[in-house]
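1. give me a model of this one.
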Amino acid sequence: MPCSNALAPFVIAALVALGPLPAGAQNNAAPPPPEIADKVQLCATCHGADGLPVVQNVPIIAGQHKINLLIVLQEFSKGKRTSNVMGPIAKNLSNHDMVALAVYFSALPWPAYRDPADAASITRVQALDVLKTCTSCHQEGFVGRANTPRVANQKLDYLIKTLSDFHDNKRPDKASMTTLVRNLSADDIAAMAHYLAGL
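-> Below is the predicted model:
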(Lines give C-alpha, C1' and ligand atoms only; values in the text may rest on other atoms or scores of the structure.)
Protein backbone atom coordinates (compact mmCIF):
# COMPACT_ATOMS: atom_id res chain seq x y z
CA MET A 1 0.00 0.00 0.00
CA PRO A 2 1.49 3.36 -0.93
CA CYS A 3 2.14 5.67 1.99
CA SER A 4 4.17 8.46 0.49
CA ASN A 5 3.29 11.65 -1.32
CA ALA A 6 5.16 13.14 -4.23
CA LEU A 7 6.95 16.13 -2.75
CA ALA A 8 7.52 19.18 -4.86
CA PRO A 9 11.25 19.91 -5.11
CA PHE A 10 10.83 23.28 -3.43
CA VAL A 11 9.53 21.55 -0.28
CA ILE A 12 12.70 19.61 0.39
CA ALA A 13 14.94 22.47 -0.71
CA ALA A 14 13.14 24.96 1.51
CA LEU A 15 13.22 22.74 4.57
CA VAL A 16 16.92 22.04 4.09
CA ALA A 17 17.62 25.74 3.62
CA LEU A 18 15.83 26.62 6.85
CA GLY A 19 17.85 24.03 8.72
CA PRO A 20 17.12 22.74 12.20
CA LEU A 21 15.58 24.93 14.83
CA PRO A 22 17.81 26.11 17.66
CA ALA A 23 18.50 23.52 20.34
CA GLY A 24 15.82 23.58 23.01
CA ALA A 25 13.29 25.43 20.86
CA GLN A 26 10.82 22.57 21.15
CA ASN A 27 10.86 22.54 24.94
CA ASN A 28 10.91 26.30 25.34
CA ALA A 29 8.06 26.94 22.88
CA ALA A 30 9.95 29.85 21.33
CA PRO A 31 7.79 32.62 19.88
CA PRO A 32 7.16 32.45 16.14
CA PRO A 33 9.28 34.47 13.74
CA PRO A 34 7.81 37.99 13.35
CA GLU A 35 6.97 37.43 9.67
CA ILE A 36 4.49 34.65 10.51
CA ALA A 37 3.38 35.75 14.00
CA ASP A 38 -0.02 36.92 12.77
CA LYS A 39 -0.52 33.68 10.85
CA VAL A 40 0.40 31.58 13.89
CA GLN A 41 -2.14 33.55 15.91
CA LEU A 42 -4.78 32.85 13.26
CA CYS A 43 -3.95 29.12 13.39
CA ALA A 44 -4.26 29.19 17.19
CA THR A 45 -7.86 30.38 16.87
CA CYS A 46 -8.84 26.79 16.08
CA HIS A 47 -5.72 24.71 16.78
CA GLY A 48 -5.16 26.27 20.21
CA ALA A 49 -2.52 28.62 21.56
CA ASP A 50 -1.13 25.81 23.73
CA GLY A 51 -1.25 23.24 20.94
CA LEU A 52 -4.54 21.70 22.05
CA PRO A 53 -7.37 22.55 19.62
CA VAL A 54 -10.34 24.48 20.94
CA VAL A 55 -12.67 23.71 18.02
CA GLN A 56 -14.39 20.39 17.38
CA ASN A 57 -12.97 18.12 14.66
CA VAL A 58 -9.74 20.12 14.45
CA PRO A 59 -6.46 18.19 14.74
CA ILE A 60 -3.48 18.69 17.00
CA ILE A 61 -0.73 20.17 14.84
CA ALA A 62 1.80 21.12 17.52
CA GLY A 63 4.58 18.53 17.33
CA GLN A 64 3.33 17.05 14.06
CA HIS A 65 5.96 16.20 11.42
CA LYS A 66 6.99 19.28 9.44
CA ILE A 67 6.89 17.68 5.99
CA ASN A 68 3.43 16.33 6.73
CA LEU A 69 2.26 19.78 7.86
CA LEU A 70 3.67 21.32 4.70
CA ILE A 71 1.99 18.71 2.49
CA VAL A 72 -1.35 19.36 4.19
CA LEU A 73 -1.07 23.12 3.67
CA GLN A 74 -0.20 22.56 0.01
CA GLU A 75 -3.13 20.21 -0.46
CA PHE A 76 -5.54 22.76 1.00
CA SER A 77 -3.97 25.53 -1.08
CA LYS A 78 -4.33 23.54 -4.31
CA GLY A 79 -7.82 22.24 -3.52
CA LYS A 80 -6.71 18.61 -3.23
CA ARG A 81 -8.20 18.69 0.25
CA THR A 82 -11.29 20.77 0.87
CA SER A 83 -12.33 22.81 3.88
CA ASN A 84 -14.39 25.97 4.10
CA VAL A 85 -11.93 27.24 6.70
CA MET A 86 -8.53 25.84 5.73
CA GLY A 87 -8.96 26.26 1.98
CA PRO A 88 -9.16 30.07 1.96
CA ILE A 89 -6.45 30.38 4.61
CA ALA A 90 -3.99 28.15 2.74
CA LYS A 91 -4.67 29.85 -0.59
CA ASN A 92 -3.47 33.13 0.93
CA LEU A 93 -0.17 31.68 2.14
CA SER A 94 3.04 31.97 0.17
CA ASN A 95 5.33 28.96 -0.18
CA HIS A 96 7.67 30.61 2.32
CA ASP A 97 4.79 31.09 4.79
CA MET A 98 3.85 27.41 4.50
CA VAL A 99 7.39 26.25 5.12
CA ALA A 100 7.85 28.61 8.06
CA LEU A 101 4.55 27.53 9.64
CA ALA A 102 5.39 23.85 9.20
CA VAL A 103 8.80 24.34 10.80
CA TYR A 104 7.34 26.36 13.68
CA PHE A 105 4.49 24.03 14.59
CA SER A 106 6.57 20.88 14.20
CA ALA A 107 9.04 22.23 16.78
CA LEU A 108 6.36 22.70 19.44
CA PRO A 109 5.83 19.91 21.96
CA TRP A 110 2.89 17.58 21.37
CA PRO A 111 0.28 18.64 23.97
CA ALA A 112 -0.61 16.45 26.90
CA TYR A 113 -3.70 14.91 25.33
CA ARG A 114 -4.75 11.34 25.86
CA ASP A 115 -8.24 9.85 25.89
CA PRO A 116 -7.77 6.30 27.20
CA ALA A 117 -9.60 3.60 25.27
CA ASP A 118 -11.86 1.12 27.01
CA ALA A 119 -11.00 -2.57 26.91
CA ALA A 120 -13.81 -3.32 24.45
CA SER A 121 -12.41 -0.84 21.90
CA ILE A 122 -8.91 -2.28 22.21
CA THR A 123 -10.20 -5.83 21.78
CA ARG A 124 -12.29 -4.83 18.77
CA VAL A 125 -9.35 -3.13 17.05
CA GLN A 126 -7.08 -6.10 17.65
CA ALA A 127 -9.73 -8.37 16.14
CA LEU A 128 -9.87 -6.24 12.98
CA ASP A 129 -6.34 -7.31 12.08
CA VAL A 130 -5.45 -3.96 10.52
CA LEU A 131 -2.78 -2.75 12.92
CA LYS A 132 0.14 -4.20 10.97
CA THR A 133 -1.06 -2.49 7.81
CA CYS A 134 -1.54 0.79 9.66
CA THR A 135 1.92 0.75 11.20
CA SER A 136 3.56 0.08 7.84
CA CYS A 137 3.05 3.80 7.21
CA HIS A 138 2.30 5.33 10.62
CA GLN A 139 5.12 3.40 12.31
CA GLU A 140 5.12 1.43 15.55
CA GLY A 141 3.29 3.37 18.21
CA PHE A 142 1.54 5.35 15.46
CA VAL A 143 4.02 8.20 15.88
CA GLY A 144 4.30 8.78 12.11
CA ARG A 145 7.33 9.96 10.18
CA ALA A 146 8.17 12.75 7.77
CA ASN A 147 5.21 12.83 5.38
CA THR A 148 3.00 10.44 7.39
CA PRO A 149 1.19 12.03 10.32
CA ARG A 150 1.40 11.05 13.94
CA VAL A 151 -2.03 9.75 14.97
CA ALA A 152 -1.17 8.48 18.46
CA ASN A 153 -2.88 10.72 21.03
CA GLN A 154 -4.57 12.69 18.27
CA LYS A 155 -7.92 14.22 19.25
CA LEU A 156 -10.70 11.65 19.38
CA ASP A 157 -13.33 13.70 17.54
CA TYR A 158 -10.90 14.48 14.73
CA LEU A 159 -9.91 10.82 14.39
CA ILE A 160 -13.54 9.71 14.15
CA LYS A 161 -14.32 12.37 11.54
CA THR A 162 -11.20 11.66 9.49
CA LEU A 163 -11.65 7.89 9.46
CA SER A 164 -15.33 8.37 8.61
CA ASP A 165 -14.41 10.72 5.75
CA PHE A 166 -11.99 8.13 4.38
CA HIS A 167 -14.68 5.46 4.70
CA ASP A 168 -17.20 7.62 2.83
CA ASN A 169 -14.65 8.53 0.12
CA LYS A 170 -14.68 12.21 1.09
CA ARG A 171 -10.88 12.37 1.10
CA PRO A 172 -9.79 11.55 -2.48
CA ASP A 173 -6.30 12.79 -1.62
CA LYS A 174 -5.62 9.52 0.23
CA ALA A 175 -7.10 6.67 -1.80
CA SER A 176 -5.01 4.13 0.12
CA MET A 177 -6.75 5.10 3.35
CA THR A 178 -10.17 4.78 1.74
CA THR A 179 -9.25 1.28 0.60
CA LEU A 180 -8.11 0.38 4.11
CA VAL A 181 -11.21 1.54 6.00
CA ARG A 182 -14.04 1.19 3.49
CA ASN A 183 -15.10 -2.19 4.92
CA LEU A 184 -15.08 -1.00 8.53
CA SER A 185 -18.36 -0.35 10.30
CA ALA A 186 -19.12 2.85 12.22
CA ASP A 187 -18.46 0.92 15.45
CA ASP A 188 -15.12 -0.30 14.07
CA ILE A 189 -14.14 3.27 13.23
CA ALA A 190 -15.13 4.50 16.68
CA ALA A 191 -13.08 1.73 18.28
CA MET A 192 -10.05 2.54 16.14
CA ALA A 193 -10.33 6.24 16.98
CA HIS A 194 -10.56 5.47 20.71
CA TYR A 195 -7.60 3.12 20.42
CA LEU A 196 -5.42 5.75 18.73
CA ALA A 197 -6.46 8.59 21.02
CA GLY A 198 -5.59 6.47 24.02
CA LEU A 199 -2.08 5.41 23.03
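
2. since we're on the closest residue in space to residue 145 that isn't next to it in sequence, how many residues are nearby?
-> The shortest distance from residue 145 to any non-neighbouring residue, by CB to CB, 6 or more residues apart in numbering, is to residue 139 (5.4 Å). For the C-beta atoms, the positions are set from N, CA and C on the backbone; glycine is no exception. Here the number of neighbours of residue 139 (other CB atoms under 10 Å) works out to 15.

3. stretch 32-51: end-to-end distance?
-> End-to-end span of stretch 32-51 (CA to CA, to the nearest Å): 13 Å.

4. what about the residue nearest to residue 145, distance to residue 45?
-> 31 Å (CB to CB, to the nearest Å).

5. can you list the residues that contact stretch 37-54?
-> With contact meaning CB atoms under 8 Å, 6 or more residues apart in numbering, stretch 37-54 is reached by 31-32, 55, 58-63, 85, 89, 93, 97, 101, 104-105, 108-111, 113, 155, 158.

6. go again with 6 Å.
-> Contact with stretch 37-54 is made by 32, 55, 58, 61-62, 108, 111, 113, as judged by CB atoms under 6 Å, 6 or more residues apart in numbering.

7. residue 193 is in contact with residue 157, isn't it?
-> No: applying CB atoms under 6 Å, one finds residue 193 not in contact with residue 157, separated by 8.3 Å.

8. neighbour count winner among these two?
-> residue 193 (26 against 17).

9. could you measure from residue 175 over to residue 169?
-> 9 Å.

10. which one of these two has more residues nearby?
-> Taking neighbours as other CB under 10 Å, residue 175 and residue 169 compare with residue 175 leading, 13 against 10.

11. quick one: contacts for that one?
-> Residue 175 touches nothing, counting by CB under 6 Å, 6+ apart.

12. what pLDDT, on average, does the helix or strand where it lies get?
-> Per DSSP states H and E, residue 175 falls inside helix 175-181. Across helix 175-181, pLDDT averages out at 94.

13. list the buried residues in it.
-> 177-178, 180-181 (16 or more other CB atoms under 10 Å).

14. repeat for stretch 37-48
-> Buried, per 16+ other CB under 10 Å, within stretch 37-48: 39-40, 43-44, 46-48.

15. show me which of these is closest to residue 143.
-> Of all those, residue 47 has the smallest distance to residue 143: 19.3 Å, by CB to CB.

16. distance-wise, check that closest one relative to residue 40.
-> 9 Å.
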